[in-house]
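Peer 1: next one to model:
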Amino acid sequence: MRSTQIKKGTLRAPNRCLLYSTGISPKDINKPFIGIASSFSDLVPGHITMRDLERYIERGVSVGNGVPFIFGVPAVCDGIAMGHSGMHYSLGSREIIADSIEIVANAHRLDGLVLLSNCDKVTPGMLMAAARLNIPSIVVTAGAMMTGMYDKKRRSMVRDTFEAVGQFQAGKITEQQLAELELAACPGAGACQGMYTANTMACLTETMGMSLQCCATALAVSAKKKRLAYESGIRIVELVKKDIKPRDILTLDAFKNAITVDMALGGSSNTVLHLPAIANEVGIKLPLDLFDEISKKTPQIACLEPAGDYYMEDLDNAGGVPAVLHAVQKSLACSKTVTGYDIIEIAKVSKILDKDVIRVENPYNPEGAIAILKGNIATNGCVVKQAAVSEKMKVFAGKARVFNCQEDAMKAIIDNKIVSGDVVVIRYEGPAGGPGMREMLSPTSALHGMGLSDSVALLTDGRFSGGTRGPCIGHISPEAAACGPIAAINEGDIISINIPKRTLNVNLSDTEIKERLLKVVKPEPKIKTGYMARYAKLVQSADTGAILK
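Peer 2: Below is the predicted model:
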């Protein structure tokens, strides 16, 4: 055991003395030391149930004959951070989370880890740490939120608050209705109710084999989630004893399986950032083209919010991730899981319990959720959640309306300065230029709420929330801050989008783009001190997963 280094031999008497001061017994010294990396926070709705889950994990570790030690890692609620300067810090927190776990686990020579996660950047950050450390690890995602209820309809955070802002601006609802929706849409703890980034990453974590079956879809407030936490505590001790490590599980086949399930579920476009970053930690490259290759041959068999009308509670009732695995089993490769069963074994014995939620015979779309576009605006590629784009907008051309920050674009939208036929271009919001590649849920939701998502497109070198709907193209690489072609676009330029042909172009010659780029004057950095200033100097392009140098 790694922990032998801090607890065995006469030279370690001072170390043992400090360990005993934490309250453990001499009888515990020979047991595996298990770290519980908890992202509990009173600030994050998806994480407020974690104090209970910590207790159940502790019980499981103790029953398994290990010694549990809880330590904290930061968590950001993207919804609360959205639409203002706080969103600069969200993506950058992923690296801080990975580094924090690495520091604690290595400094204290922990034998295994239970990673208690939920929201958007926390799960990928924890998986990056597990892959980097390569000590036995298991992930417990804290679960999705139940839907709310208002005016006899189920409600959720994105459609019924972010999009309601646009509806209010368009005069479609009253201020009183908006206030009532605020109170009804999020009835309690959990990650946002649809197939947004947090729940997508939970599903992919289970698919890759890093959490127990049905962990991804068990609701935050359920007894089922507590049982899974307890069983994960028992299982981590077994993983330590059998020396089953993340790199035994996180193989190229596991990542391909995750991409397949992502496409089948209609998952968040942010997975195109997170899966390559996790894979990078085990020395595997996941190029953008791989996502597109898998998308083209994977029908979308589920359609949850934001693209559809089902929620995570419906997916759980339909059989959860195991049911999805059953549906796509012919496209899966054999890979190990923390359960002791390989992914094919799980897929074969699982059942689809609701064939309206998981459609095998009549898929929602013939292709997967995400498409990768290239062209003279995005020579290294960009990402669109094609599952959330109407057919009429999959081929579109319009006039560029250019903004160098999200706030200016949002003001133009709210002031009714964006009209049908426009292509909103928001640049200098990439990993370095942002810094932090802010999500654009506020402008995209406002456009949808105002009834413009079928006549206005949006491009950015930033990124989108998993809750985004409409022709919204993000992760444009190279970004404007790296003198990418998006920096050469001027007001009024004609931009052409063709999702079926996977192209994104501005009506300029290569020579014109080069000449314009020579004249570009970069704006001043938005953040000049602290962590994000350092982050901007180290972060790579979005097409790499926005990893750090």
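Peer 1: my guess is Ile234 meets Gly60, correct?
Peer 2: Yes: if you go by C-beta atoms under 8 Å, Ile234 and Gly60 touch, sitting 4.3 Å apart. (Each C-beta comes from the backbone N, C-alpha and C, glycine too.)
Peer 1: okay, these two: which has more neighbours?
Peer 2: Ranked by neighbour count (other C-beta atoms under 10 Å), Ile234 and Gly60 place Gly60 first, with 25 against 17.
Peer 1: A helix includes the more buried one, no?
Peer 2: Yes: assignment of Gly60 by DSSP: H, G, I helix; E, B strand; the rest coil places it within a helix.
Peer 1: which residues touch it?
Peer 2: Ala229, Tyr230, Glu231, Ser232, Gly233, Ile234, Arg235, Ile236 (C-beta atoms under 8 Å, 6 or more residues apart in numbering).
Peer 1: in CSV, list these along with pLDDT and distance to Ala220.
Peer 2: Output for the contacts of Gly60, formatted as CSV (pLDDT from 0 to 100; distance: C-beta to C-beta, whole Å):
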residue, pLDDT, distance to Ala220
Ala229, 98, 11
Tyr230, 98, 15
Glu231, 98, 17
Ser232, 98, 15
Gly233, 98, 18
Ile234, 98, 21
Arg235, 98, 20
Ile236, 98, 21
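Peer 1: so which of the residues you listed wins on neighbours?
Peer 2: Using other C-beta under 10 Å as the neighbour test, the contacts of Gly60 are led by Ile236, with 31 neighbours.
Peer 1: report the contact partners of it.
Peer 2: Counting by C-beta under 8 Å, 6+ apart, Ile236 makes contact with Ile34, Gly60, Val61, Gly64, Gly66, Gly112, Leu113, Val114, Pro136, Ser137, Ile138.
Peer 1: closest to Asp543 among the residues you listed?
Peer 2: The shortest gap between Asp543 and any of those belongs to Ser137, at 27.6 Å (C-beta to C-beta).
Peer 1: before we move on, what's the pLDDT of the closest one?
Peer 2: For Ser137, the pLDDT comes out at 98.
Peer 1: so it touches Asp248, yeah?
Peer 2: No: assessed by C-beta under 8 Å, Ser137 is found out of contact with Asp248, at 10.8 Å.
Peer 1: neighbour count: those two, which is higher?
Peer 2: Ser137 (30 against 17).
Peer 1: got a list of what the more buried one touches?
Peer 2: With C-beta under 8 Å, 6+ apart, Ser137 has these contacts: Gly112, Leu113, Val114, Leu115, Ala130, Met210, Ile236, Leu239, Lys245, Pro246.
Peer 1: give me the buried positions along stretch 85-95.
Peer 2: For stretch 85-95, burial by neighbour count (16 or more other C-beta atoms under 10 Å) applies to Met87, His88, Tyr89, Ser90, Leu91, Gly92, Ser93, Arg94, Glu95.
Peer 1: how much space between the second one and Gly474?
Peer 2: The gap separating His88 from Gly474 is 16 Å, by C-beta to C-beta, to the nearest Å.
Peer 1: same question for the first one.
Peer 2: Computed with C-beta to C-beta, the distance linking Met87 and Gly474 is 13 Å.
Peer 1: what about the spatially closest residue to Ala307 that is not a sequence neighbour, how many neighbours?
Peer 2: In space, and not counting its chain neighbours, Ala307 is closest to Ala388: 4.2 Å by C-beta to C-beta, 6 or more residues apart in numbering. The tally of other residues near Ala388 (other C-beta under 10 Å) stands at 27.
Peer 1: what's the longest strand in the chain?
Peer 2: In the chain, assigned by DSSP state E, the strand with the most residues is strand 395-403.
Peer 1: continuing past it, what's the next helix or strand?
Peer 2: The helix or strand immediately downstream of strand 395-403 is helix 406-414, counting by DSSP states H and E.
Peer 1: relative to strand 395-403, how tilted is that following helix?
Peer 2: Comparing the axes of helix 406-414 and strand 395-403 via axes from the mean of the first three to the mean of the last three C-alpha atoms, to 10 degrees yields an angle of 120 degrees.
Peer 1: okay, now the sheet partners of the helix or strand that comes right after helix 406-414, with direction.
Peer 2: Note on helix 406-414: by DSSP H and E, the next helix or strand toward the C-terminus is strand 422-426. Paired neighbours of strand 422-426 in the sheet (DSSP bridges): strand 395-403 (parallel), strand 457-460 (parallel).
Peer 1: highest mean neighbour count out of these?
Peer 2: Of the strands paired with strand 422-426, the one with the most neighbours on average (mean count of other C-beta atoms under 10 Å) is strand 457-460, at a mean of 28.
Peer 1: distance from the chain centre to that strand, please.
Peer 2: When C-alpha coordinates are averaged (C-alpha atoms, centre = their mean, to the nearest Å), strand 457-460 and its chain have centres 20 Å apart.
Peer 1: tell me which residues in stretch 363-380 are buried?
Peer 2: By neighbour count on 16+ other C-beta under 10 Å, the buried set for stretch 363-380 is 363-365, 367-380.
Peer 1: ok, stretch 11-28 next?
Peer 2: For stretch 11-28, the neighbour count (16+ other C-beta under 10 Å) marks Asn15, Arg16, Leu19, Ile24, Asp28 as buried.
Peer 1: and the gap between the second one and Thr22?
Peer 2: To tie it back to what came earlier, the one meant is Arg16. 11 Å.
Peer 1: with Gln213 instead?
Peer 2: Gln213 is 33 Å from Thr22, by C-beta to C-beta.
Peer 1: how far off strand 395-403 does the helix or strand hosting Pro443 point, in degrees?
Peer 2: Assigned by DSSP H and E, Pro443 falls within helix 441-449. Using the same axes, to 10 degrees, the interaxial angle of helix 441-449 with respect to strand 395-403 works out to 130 degrees.
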